[in-house]
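>>> Sequence isn't available, so here's the structure alone:
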Ligand SMILES: Nc1ncnc2c1ncn2[C@@H]1O[C@H](COP(=O)(O)OP(=O)(O)OP(=O)(O)O)[C@@H](O)[C@H]1O
């Protein structure tokens, strides 16, 4: 009997797509360039499995993020898979799939803590455990000037790295935790100690039924159960009778996900596997993502896969394919019915660039040929001048992957300090703004309440309640700043805040420009309360951008500049949710596509962050390849980024 072929409603598959759609091999890997139709072809493969008679629940698709699941659903719809079938398919992130499997193993549901605020009391308790261990052999390495509350965020990020890579699980079982081991794992000793305390809190009182789970814990727990042999029995919940397992964006795979994939293939021997990815899109290497899981690890730990190509981009035309190929140093073709226009936007300063990009967004709104305009930023601080310009021109926008600069905690700190110095709290009418400002000031002042295990938890609740009370009272902000922040803060932090407030009290813009950052010492201040270098650098960047922005208002005095910030904030909260113009991090745009993509700030040294050159290059590659019809690159022609030279877009 001949093989029935799934025929998509809306496109004509290329011979390469058809080969992947209809391949009858156990393990198939497709490494292909961005825009070369990887997600679409997975959707075609799913359509094919359905016409071959697989029930929808025999098909499992796994991805790393929710937006990637959504992108796959969109493609399934686009090619005409029926809504009933789509609803019955098993479409999951690794995390949601793991949570579902664990629920069957554990019977009763485990508490899911979705926000950092919810998980914070447990991290605080773990810090306390680590710091008060009577048998600790290296107490001097655990001493930190920072308040425990300020460590929480950085610790949670480090836990995610350790878990994603399953680094601790790869140590010998009886390995004692020492500073050397911490070094080997790439974390500081405090992080390692607190991580262990945190895991024992999470796993008590019953090791097989954790007290709670936070982001990433479900896949981690399931992978640990797999490695611990807990799922090797006959009626394992991973035996799902699957006919097809597909993984999209497989370059995001880390050790946890790979462990789960391996177990799924072992428990579903009749299932075919198709994985697609692009090694130049690895931007989560910090969470353990590695292109090697599509290559040597796959061959060594699963078997030799069949490999099929998707050679050309359907998303954009040959000009952009050539540039992306130059950047990634690989061949790149495109189906070029219509070429993608690449425009240069020249500006000698960040402020001029912001104005030009905002004008471009304004004219985008006045035309109907292109629908979506996405402005992609390497670092959140780059949105400061840009948002100011967009708000000034009245262009509505949304932001993805970061908050508006006006609500970032270090900006709120300065807004709060200025209000305190001038005694003028107008602009803080919104209770949520008042609460966030006080929380930010409390954080940077390193103000916290020392307490034993239970009172740690109470301290968090107490802080929330104290802020709520302060917010409800007309004079509450001032009273709270006097009574809590300036009284209970860390002495060094208070010294820095005091010096900065003395500058603010002058009320003079030029003095602010000359002396504010020198007085506040953002890196030092942030270093007292935050742990991760990129979080600390982000605080500095945002504050530098704020000063830069203030200095553009040369005809105003300092209180006027802060009034302008309040006004912009008000305007921002009244904006209509216009998705035609969006401002976004590159990470939040992965897997998506837009008619017009703008990447400003591509002068030498501007496209950089706290990661290595390869990851920066990958980030630019991901950013450029989101464009469908037009790509605009913004830079100073006298100092273009070396990446633009590599892409062949400017002369070297
Ligand atoms: N045969 C085809 N004919 C025309 N357009 C197609 C075809 N196949 C896919 N496309 C279109 O090409 C675009 C890119 O496809 P897709 O998103 O699947 O690429 P991708 O390789 O997954 O991209 P990324 O690596 O950026 O996630 C989409 O707009 C899709 O609808």
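Thanks, I have it. Every value quoted in this text rests on a predicted model; they were computed, and no experiment measured them.
>>> Run through the residues that contact the closest residue to the ligand within the stretch 351-500 of the chain.
Proximity of the stretch 351-500 of the chain to the ligand (C-beta to the nearest ligand atom) peaks at residue 372, 12.2 Å away. Every residue, glycine included, has its C-beta placed from N, CA and C. With contact taken as C-beta atoms under 8 Å, 6 or more residues apart in numbering, residue 372 is in contact with 579-580, 582, 594-596.
>>> Distance-wise, check the nearest residue to residue 426 once chain neighbours are set aside relative to the ligand.
Among residues not flanking residue 426 along the chain, residue 566 sits closest, at 7.3 Å (C-beta to C-beta, 6 or more residues apart in numbering). Residue 566 sits 40 Å away from the ligand, going by C-beta to the nearest ligand atom, to the nearest Å.
>>> residues in contact with the helix or strand where residue 566 lies?
In this assignment (DSSP states H and E), residue 566 forms part of helix 558-574. Where contact means C-beta under 8 Å, 6+ apart, the residues beyond helix 558-574 that reach it are 387-388, 391-392, 404, 406-407, 411, 415, 418-419, 422, 424, 426-428, 430, 433, 504, 506-509, 511-512, 550, 553, 556.
>>> now, which of those lie within helices?
387-388, 391-392, 411, 415, 418-419, 422, 433, 504, 506, 509, 511-512, 550 (DSSP state H).
>>> Of those, keep whichever come out buried.
For the ones in helices among the contacts of helix 558-574, a burial check counting by 16 or more other C-beta atoms under 10 Å picks out 387-388, 391, 411, 415, 418-419, 433, 504, 509, 512, 550.
>>> which residues in the stretch 201-350 of the chain form strands?
For the stretch 201-350 of the chain, the strands defined by DSSP state E, counting those that start in this stretch occupy 212-213, 244-247, 272-277, 306-307, 312-313, 333-334, 341-346.
>>> Which of those strands sits closest to residue 30?
strand 272-277 (4.5 Å; C-beta to C-beta).
>>> so, in contact with the ligand or not, the closest one?
No - Strand 272-277 stays clear of the ligand (C-beta under 6 Å from any ligand atom), getting no nearer than 7.0 Å.
>>> list the buried ones in that strand?
Buried residues in strand 272-277, counted by 16+ other C-beta under 10 Å: 272-277.
>>> and if you look at stretch 563-573?
So for stretch 563-573, counting by 16+ other C-beta under 10 Å, buried means 563-566, 568-569, 572.
>>> Pull the distance from it to the chain's centre.
26 Å (C-alpha atoms, centre = their mean, to the nearest Å).
>>> got it, and stretch 41-50?
Centroid separation between stretch 41-50 and its chain, computed with C-alpha atoms, centre = their mean, is 29 Å.
>>> What residues sit buried inside it?
So stretch 41-50, judged by 16+ other C-beta under 10 Å, has buried residues 41-50.
>>> Just the residues contacting it, thanks.
5-6, 8, 13, 17, 20-22, 30, 56, 58-59, 61, 72, 75-76, 78-81, 85, 89, 243-244, 246, 248, 272, 274, 276, 310.
>>> Over to stretch 374-383?
So stretch 374-383 is contacted by 350, 357, 361, 386, 399, 402-405, 408, 538, 541-542, 544-545, 581-586, 589, 594, 596-601, 606-609, 616, 619-620, 623, 626 (C-beta under 8 Å, 6+ apart).
>>> got a list of what the closest residue to the ligand within the stretch 551-652 of the chain touches?
Among the residues of the stretch 551-652 of the chain, residue 591 lies closest to the ligand, at 4.3 Å counting by C-beta to the nearest ligand atom. Contact partners of residue 591, counting by C-beta under 8 Å, 6+ apart, are 39, 65, 67-68, 71, 248-249.
>>> The ligand: which of those is nearest?
Of the contacts of residue 591, the one sitting nearest to the ligand (C-beta to the nearest ligand atom) turns out to be residue 39, at 3.5 Å.
>>> could you say which helix or strand contains that closest one?
Remark: residue 39 resides in helix 38-51, with elements defined by DSSP H and E.
>>> next structured bit after that helix?
That would be, after helix 38-51 and using DSSP H and E, strand 59-63.
>>> just checking, residue 35 touches residue 593?
Yes - if you go by C-beta atoms under 8 Å, residue 35 and residue 593 touch, sitting 7.3 Å apart.
>>> Quick check: residues of the chain near the ligand?
Checking the chain against the ligand by C-beta under 6 Å from any ligand atom, the hits are 11-14, 17, 32, 34-40, 278, 314-315, 591, 593, 625.
>>> let's see it at 8 Å
Selection of the chain residues close to the ligand by C-beta under 8 Å from any ligand atom yields 10-14, 17, 32-43, 71, 75, 78, 248-249, 276, 278, 281, 310, 313-315, 335, 590-593, 622, 625-626, 628.
>>> Provide a ChimeraX selection command restricted to the buried entries of these.
Here is the ChimeraX command that selects the buried residues among the residues of the chain next to the ligand (16+ other C-beta under 10 Å):
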select :13,14,17,32,33,34,35,36,37,38,39,40,41,42,43,71,75,248,249,276,278,281,310,313,314,315,335,590,591,592,593,622,625,626,628
